[in-house]
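Peer 1: just to be clear, the model below is a prediction. Sequence and coordinates:
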Amino acid sequence: MAISAEPWLDAARYKEPFPKHSPFAGGVVAVHVSFRNDSGEAMKVTLNRIRLNLRVDSDTLQQLQPLSADQVADAALRPKGKDPTAHRRFPIPVGSGVKADHDKNWTEVQTQAQNAAIPTSVIAPHSTVQGLLYFDIQGQLDLMFSAHLYLPEIIIMGKDQSLTYFEIDLSRSGA
C-alpha cells in the first residue's frame, strides 16, 4: 500500500471542485489523499478513524476528525466568511459552527464536497483510490507547518489482518 497526501493551502486549488463557494474561505483545508494498492488482495481504509494531528504548542496536540460533506457545506456558507490567513485563538471548536440554511447553495456545495471526497473505503487489488478529506482548522494555516495525517487502520479484507498505522508529515508538502 502506498499513500500520498497533499494539503490544499492555496485558494486557487478549490476553484475547480468548488466554483462558487469554497470551503477554504470558511476555514476548511482539504487534503488530497491517494491510496495505491499494489497487492493482490483488497484492502479497506477506515476513513472515519483518520485524524489530522496539529501541534498547537510544545504541550498541546490537537486531533481533528475529517468533516462530512454536510459539515463542509456548513463551513463554506458560514455567515461572515473567515479570512483563511488571519490568526485566531485556540482551542479549535471541533464539529461546531452555525448551521446554514439548506438552500440551493448549500445543496450545491454539499454535492461538490461529496463528489470530490474519497469515493470508497475499499481499494481493490492493483488499483488506486483518491479524493479529498476535509478538516476545519478555522483558517489557521500556520498550524499546517506541524500537521501530520494519521491513518490508524488499514485492513486486508477477508483476513481481518490490519497493516501497521501510517503517519504522513504534511509539513513537508509545501505547508
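Peer 2: Received the coordinates, thanks.
Peer 1: skipping adjacent residues, who's closest to residue 15 in space?
Peer 2: residue 22 (7.5 Å; CB to CB, 6 or more residues apart in numbering). From N, CA and C alone the C-beta is placed, and that goes for glycine too.
Peer 1: let me fix that, I meant to ask about residue 40.
Peer 2: residue 125 (5.0 Å).
Peer 1: pretty sure the one you found is in a strand, no?
Peer 2: No: looking at residue 125 with DSSP: H, G, I helix; E, B strand; the rest coil, it is coil, so not inside a strand.
Peer 1: burial measure for it, as a count.
Peer 2: 12 (other CB atoms under 10 Å).
Peer 1: OK, contacts around it?
Peer 2: Residue 125 is in contact with 37, 39, 40, 41, 42, counting by CB atoms under 8 Å, 6 or more residues apart in numbering.
Peer 1: ok, which stretches of the protein are helices?
Peer 2: 69-76, 104-116 (DSSP state H).
Peer 1: check which helices and strands the worst-scoring helix or strand of the chain on mean pLDDT sits against.
Peer 2: Counting by mean pLDDT, DSSP states H and E, the chain has its least confident helix or strand at strand 161-162, which shows a mean of 76. Judged by 3 or more CB pairs under 8 Å, 6 or more residues apart in numbering; DSSP states H and E, strand 161-162 is in contact with strand 154-156.
Peer 1: and the strand it packs on, which strands flank it?
Peer 2: strand 43-45 (antiparallel), strand 161-162 (antiparallel) (DSSP bridges).
Peer 1: so which bits of that strand are buried?
Peer 2: 154, 155, 156 (16 or more other CB atoms under 10 Å).
Peer 1: which residue sits closest to the second one, ignoring its sequence neighbours?
Peer 2: Excluding the flanking residues, the one nearest residue 155 by CB to CB, 6+ apart is residue 44, at 4.8 Å.
Peer 1: with that, I have no additional questions.
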